[in-house]
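Engineer: next one to model:
(3 chains)
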Amino acid sequence: MQNLQLTADVRLRHLITLAGLPRAVVERLLDRAEAMRRDSDGGARPLDLLAGRTLINLFFEPSTRTRTSFDLAAQRLGALVINFDIERSSTVKGESLLDTIHTLEAMHCDAFVVRHKESGTPETIARNLRSDAAVLNAGDGSHAHPTQGLLDAFTLRRRIEDFPRLSVVICGDILHSRVARSDVDVLRTLGVRDLRLCAPPELLPESNSGAFAQCSFVSSLDEAVAGCDAVIMLRLQKERMEAAAIPSEADYFARYGLTRARLARAKPGCVVMHPGPINRNVEIADDVADGAQSLILEQVANGVFARMAVLAELLERR
Amino acid sequence: MQNLQLTADVRLRHLITLAGLPRAVVERLLDRAEAMRRDSDGGARPLDLLAGRTLINLFFEPSTRTRTSFDLAAQRLGALVINFDIERSSTVKGESLLDTIHTLEAMHCDAFVVRHKESGTPETIARNLRSDAAVLNAGDGSHAHPTQGLLDAFTLRRRIEDFPRLSVVICGDILHSRVARSDVDVLRTLGVRDLRLCAPPELLPESNSGAFAQCSFVSSLDEAVAGCDAVIMLRLQKERMEAAAIPSEADYFARYGLTRARLARAKPGCVVMHPGPINRNVEIADDVADGAQSLILEQVANGVFARMAVLAELLERR
Amino acid sequence: MQNLQLTADVRLRHLITLAGLPRAVVERLLDRAEAMRRDSDGGARPLDLLAGRTLINLFFEPSTRTRTSFDLAAQRLGALVINFDIERSSTVKGESLLDTIHTLEAMHCDAFVVRHKESGTPETIARNLRSDAAVLNAGDGSHAHPTQGLLDAFTLRRRIEDFPRLSVVICGDILHSRVARSDVDVLRTLGVRDLRLCAPPELLPESNSGAFAQCSFVSSLDEAVAGCDAVIMLRLQKERMEAAAIPSEADYFARYGLTRARLARAKPGCVVMHPGPINRNVEIADDVADGAQSLILEQVANGVFARMAVLAELLERR
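Structural biologist: This is a model prediction of the structure:
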C-alpha cells in the first residue's frame, strides 16, 4: 500500500489510509495544516496554491460535512471543484465505475475525492488510474477515513503535546468504524501507547490484532475513561443497536453514553471528540457535547485545514 | 427584532424581516441596489467586494429563482457559494438544524441564506449562532420574504417617485403570503398610504391589524384596482383554492385574475408586478403578464441587484 | 435555421445543429478547438476569455459527461456556471419552460446549454429569447447533438487528414440517434463521401434521404467495416432491443458488436470511436474498447476543447 500512496522519494501520491504512513509524512501534513490555518486566517483569506487544478468530489454515500469540507478546502486554495452527483450519473446507465473514472480523467482531473460504502473502492480506483491524478479516500466502508484521522490528530496535538504519555479512549461501534481505524493508525504513528477501545461486546472486533493491535478492549465505559486524557465518541448507526442486542437509544445511552458523571472519572481537562454528526443523548449527553471540554466544533474547523494540507501536498506544482 | 438585525450604530447585521426596519436603512439598501445595477453593468461585470467570503445557501424548500438569484448575486461579488442540498444532508441522519448550522459555522461561513417552510426558522438560527455570520431570510413560512420586499420597492421606486401619493393593490392569497407581508412592510416604511388588499374572504387575514394595519380589505378586484398606480398579483397555491371554496382555476381567474379589462380600471400606466413563478390565466392573463405595463421580468433582474446590495451591506469588510 | 444560428456576417449566434453549417464555420471551430487544447495545456491551464460571463446548464435529461464537459469548458474559460436542477425547479411548480428561460435571462445570462428529450426544444428556446443570450444544444431527442459531432470530427481530423478519401461506418440505433445525425452532418460538410450506416433493420431510417442522404445502409457489420478507416459505434438503449426483435444483449453483440475479429476486416489502423457511456460486450468488446485503435477517451478529452471553442466563438466580447 505504501508503494501506492507514496513516491520513491516518500512524497504523498494518494491518500488511501493512514496505516503504515511514515511518521515524517504525517507530521509534515499536520505542520502544513497548522500553516494553512494561519495563512488562510482561519478560513477567511483564500490562497492561490491550486489555481487551475480540478478536483472531483465523487460521493457514492451522502455526506454533509466531509463533502462540504473538501469543497471549501479546495476552493479556498483556488481549485475548481466539480461535485459529481452519483444518482444522476452514468453509473445509473450501467457504466462501470472505472469507465466513469477514466472518462473524468480524460477531461483532465487532478484529484478524485471518493466516498464509497465498499471498503477498498478508493484503492481500486488509485490502482487503475490512467493519468497522474491523485485519489483521496473520504471514507470507504469500515476500512479507513484518513482525513478524519489527520484532523483528529491535529486537533489533539494543538491541545496536548506529549503523545507518548496520552491515554485515549475510543467508544462506540468499533467493529464497523473507519474513523476508529484511522484514529488508531495515526495515534499509534505519533507515539500514543495507551489506546482503549470500548464497545458493546458484539461491536468489538474479534481480537486486538491487525488494525487494533495492542489496544485494550474494555466493555465498561466507566472503566475505560478512568484517568484518560481524551475520549473519542463514535456515531451510533441506529441499525447497529439490534445487532448489539441493545433494545433502545436510552439503553445504549445508559451503558455507553458519555455523561458528565462519566467524564468526571477522566483526568481533569480531558478533551471530548466526535466525528459528527452527533446523536445527542444517544452516544453523548447534551451538556458534554456543548461543554467546555468538547472539541467537536474545533474538529470541524480543523477538518478544512487538514484537507487543505493534504490537497496542497498532493497537488501543488513542484 | 431590531436588536437582532441591527447593530448599535444602526447597520444591518442580519436580514430577517422588513417589519420595523428604519427608513434610512431601507433607503440605503435601495440606493445601493441602484449602484450595483450600474457598477455591474446590469450583471455583465463582476465585482470584487466579497472576495474570500463564503455564503451557504440553505434551502429547505425548493426554489428556482430565489436560490439562483442569491447564487448569482454572491458570485458576481466574488464570494464562494456552497449550495447545501438538504435532502442529502445530515438532517437526514437526524442531526438537529442547529448542529448543522454550528458545523457549517465552524468551517468558516460568512452568511447563511435560509428558506424554510416554518415561520421563524431564520430568526431561530440568527439567535443561536456561535460566530458573526449573517443570516438572510429567503422566505420563511407565511412570515417574511424581505429581499422580495426590497426588490419590489426598488422596482417600483425606479418607475414612480412619489410614494406617499401611490395607491397599491395586492391581490391573491394574502393570508398565507410572506411576499404580501414584506411588501406591505417596506411600502409603509417608504410612505405609501393607500394599500388595498384583495382576496377571497377565506384568504384575507381576520382583521387589518398587525402586519396589515390600516390596509383596506377589498373583496372585489374590480373595485380594488379602480384608480390605482400598481397592482401586485400573488401566486395562487393551488391547494388554497379549496380552502377558499373556489371550484376551479377558471373560477378563480374569473373572480381574481388580472385581465386587460380590469387593468383598464386602474390609472393609465399602472404597473403590474408578480413575484413569480406565475400561473398564467389563473391569477394573471397572458396579455397582461407579457404586456407593456408588466414589470415582472424587471423584478427578476432587480432581485439580483437588491441581493447584491444586501450581501454587500452585511458582508463587506469595514 | 442558418438564419437562426448565424449572424449576417456568418458568425455563430447559437449552436442548434450542424446541418447546413458552412464549412468555414465548422473549420474555424475545429481550428479553435486545437488552439484551446494547446493554450490550456491540455486542460491544466485556465484561460480568461469569458471572465464575467454566465452560463446556465439546463439539463432536462440526466447526463454525466456532457454536463461535466460543458461545466469544465466554461469554468476553464473563466465563466460562472449555474447548474440548473430541473427536478427542483419551478417547472415542477407548473411554470412554463419559456417563463423559466425568460426569468433566467432577466438575471443576465449569456448562454443556455440545453439538453431535452424532445427534439426542437433548443430551437424553440432560441426563437423565443428576449435577450442576446446564446443557446447551445447539448442533445435534443433524436434530432442533433452538435458538440458531439464537432468533437468527433475534431478527434478524427487530428488522426487522419484526407477526409474525402475516408470510409466511415456508424453502427447501432441509427434511427433514434442524434449523434449519428450530427456526425453525418459534419463529416459530409468536411468532405467525407463514403458513409456506411449499419443497424438492425428496425433501427435503420426508412430511406437514405434527408439527414442520411447518400449514406449506404448495410445490415451486416462484417460487410460494413470491410476496408473502412473509422468505426463509430453507438450506445444501445436497452429498450430498443425489443423493438429491433433482438432477444438479448448477447444476441445483439453477436450480430452488431464490434469485436477484434470484425475490426480486423477494416483497414489497418482503422480507428474506433463511441460517444459513451459504453455498454461493454453489448455494442463493443472489452479488448476493442480498451485497445490501441480506440479513440474513446481521446473523444472525451477533445469534448472539453471543442466546447471551449464553441463557447469562445459564441460568447467572447468583440
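Engineer: test my guess that A:Asn57 contacts A:Asn83.
Structural biologist: Yes. In this structure, A:Asn57 is within contact of A:Asn83 by CB atoms under 8 Å, at 4.8 Å. All C-beta atoms are positioned from the backbone trio N, CA, C, and that covers glycine.
Engineer: give me the common contacts of those two.
Structural biologist: Between them, A:Asn57 and A:Asn83 share these contacting residues under CB atoms under 8 Å, 6 or more residues apart in numbering or on different chains: A:67, A:71.
Engineer: more neighbours: those two, which one.
Structural biologist: Each of A:Asn57 and A:Asn83 has its neighbours counted (other CB atoms under 10 Å in any protein chain shown); A:Asn57 has more, 23 against 18.
Engineer: what about that one, distance to C:Pro277?
Structural biologist: Plainly put, A:Asn57 is 20 Å away from C:Pro277 if you go by CB to CB, to the nearest Å.
Engineer: what does A:Arg38 give?
Structural biologist: For A:Arg38, the distance to C:Pro277 - CB to CB - is 45 Å.
Engineer: can you check A:Ala254 too?
Structural biologist: Distance, A:Ala254 to C:Pro277, by CB to CB: 51 Å.
Engineer: neighbour count winner among the two?
Structural biologist: C:Pro277 (22 against 11).
Engineer: so the more buried one sits against A:Asp99, correct?
Structural biologist: Yes. Contact criterion CB under 8 Å: C:Pro277 and A:Asp99 qualify, at 6.4 Å.
Engineer: any idea how far A:Ile56 lies from A:Met273?
Structural biologist: The gap separating A:Ile56 from A:Met273 is 30 Å, by CB to CB.
Engineer: could I get the average pLDDT for the one helix or strand A:Val113 maps to?
Structural biologist: Using DSSP states H and E, the element containing A:Val113 is strand A:111-116. Per-residue pLDDT over strand A:111-116 has a mean of 97.
Engineer: same deal with stretch A:212-223?
Structural biologist: Averaged across stretch A:212-223, the pLDDT comes to 95.
Engineer: and stretch A:155-174, by the same measure?
Structural biologist: For stretch A:155-174, the mean per-residue pLDDT is 96.
Engineer: same deal with stretch A:73-82?
Structural biologist: For stretch A:73-82, mean pLDDT rounds to 97.
Engineer: tell me where chain A has helices.
Structural biologist: Under the criterion DSSP state H, helices of chain A are mapped to A:2-5, A:23-39, A:65-76, A:97-106, A:121-127, A:146-159, A:178-189, A:221-225, A:238-243, A:249-256, A:260-263, A:286-289, A:296-315.
Engineer: residues contacting the closest residue to chain C within the stretch 1-150 of chain A?
Structural biologist: In the stretch 1-150 of chain A, the residue that lies nearest chain C is A:His108 (2.9 Å; CB to the nearest CB). The contact partners of A:His108, by CB under 8 Å, 6+ apart, come to A:54, A:131, C:42-44, C:72, C:301, C:304.
Engineer: look up phi and psi at it.
Structural biologist: Main-chain torsions, A:His108, degrees, to the nearest 10: phi 70, psi 90.
Engineer: show me the contacts for the closest residue to A:Arg32 other than its chain neighbours.
Structural biologist: Among residues not flanking A:Arg32 along the chain, A:Ala309 sits closest, at 3.8 Å (CB to CB, 6 or more residues apart in numbering or on different chains). Contact analysis of A:Ala309 by CB under 8 Å, 6+ apart lists A:29-30, A:32-33, A:35-36, A:150.
Engineer: coming back round to it: now, of the contacts of A:His108, which are buried?
Structural biologist: Buried by 16 or more other CB atoms under 10 Å in any protein chain shown: A:54, C:43, C:72, C:301, C:304, out of the contacts of A:His108.
Engineer: dump the residues you listed to CSV, plus distance to C:Val282.
Structural biologist: CSV is the format used below for the buried ones among the contacts of A:His108 (distance: CB to CB, whole Å):
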residue, distance to C:Val282
A:Thr54, 31
C:Gly43, 30
C:Leu72, 28
C:Ala301, 24
C:Val304, 27
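Engineer: which of those residues scores worst on pLDDT?
Structural biologist: C:Gly43 (93).
Engineer: for the residue nearest to it when sequence neighbours are not counted, give its distance to B:Ile86.
Structural biologist: Leaving aside its sequence neighbours, C:Gly43 sits nearest to A:His108 (CB to CB, 6+ apart; 2.9 Å). A:His108 sits 32 Å away from B:Ile86, going by CB to CB.
Engineer: repeat for A:Ile16
Structural biologist: A:Ile16 is 31 Å from B:Ile86, by CB to CB.
Engineer: how about stretch A:297-307 as CSV, C-alpha atoms only?
Structural biologist: Coordinates of each C-alpha in stretch A:297-307 appear next as CSV, following Å, rounded to 0.1, in the frame of the first residue of the first chain:
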residue,chain,number,x,y,z
LEU,A,297,-16.6,22.0,16.5
GLU,A,298,-12.9,22.6,16.7
GLN,A,299,-12.6,19.3,14.9
VAL,A,300,-14.9,20.5,12.1
ALA,A,301,-12.8,23.7,11.7
ASN,A,302,-9.6,21.8,11.6
GLY,A,303,-11.0,19.4,9.1
VAL,A,304,-10.9,22.2,6.5
PHE,A,305,-7.2,22.9,7.3
ALA,A,306,-6.2,19.3,7.3
ARG,A,307,-7.8,18.8,3.9
